[in-house]
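[1] Predicted model follows, preceded by the sequence.
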Amino acid sequence: MNLQTNSKEEPEINLTSLIDVVLLLLVFFMVSTSFVREVDINLRLPQAQTEASIVVPALNILEIAVTEGGSYLVNGSLLADNQRGTLSSFIEGLMGDNREQPVFIRADAQATHQAVVTVMDVVGQLGFVEISIATVSPPEA
């Protein structure tokens, strides 16, 4: 009786297939990822001031009002339609090349968010840097 033990071979793990799958997943995620930078609006948050310290000359103010229906009034003049191009060209014609004056945006409480963001986007693209959103303080109870 011959009782020799057979030599056991160690199992091998082939990593080539695993590396191929990982590299394919890496390429898939790299190709499917969007690297486009979304358009953003840079905001400079205001500092707390007392009412007496706020001095704005009334002649250089650009005031844009957004009505409930989404129409725009620029310094009290109602625009023909509520398109971006109309708003942009009217502001350019009114202000010329002067982009240093402050812009006040007044919106009706029922105005859509998109209409207000459109105004902020148009004045930002035109180069205005001082953009304020006018608010109304609630009455004291």
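    Perfect, I can see it now.

[2] quick one: the strands in this structure?
    Counting by DSSP state E, the chain has strands at residues 62-66, 72-74, 77-78, 103-107, 131-133.

[3] can you redo the ones you listed as JSON lines with distance to E92?
    C-beta here means a position set from N, CA and C on the backbone, and glycine is covered the same way. Below are the strands of the chain laid out as JSON lines (distance: least, C-beta to C-beta, whole Å):
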{"stretch": "strand 62-66", "distance to E92": "11"}
{"stretch": "strand 72-74", "distance to E92": "11"}
{"stretch": "strand 77-78", "distance to E92": "14"}
{"stretch": "strand 103-107", "distance to E92": "13"}
{"stretch": "strand 131-133", "distance to E92": "16"}
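
[4] For V31, which of the ones you listed is the nearest?
    strand 131-133 (38.6 Å; C-beta to C-beta).

[5] which secondary structure elements does that closest one contact?
    The contact analysis (3 or more C-beta pairs under 8 Å, 6 or more residues apart in numbering; DSSP states H and E) places strand 131-133 against strand 103-107, helix 113-126.
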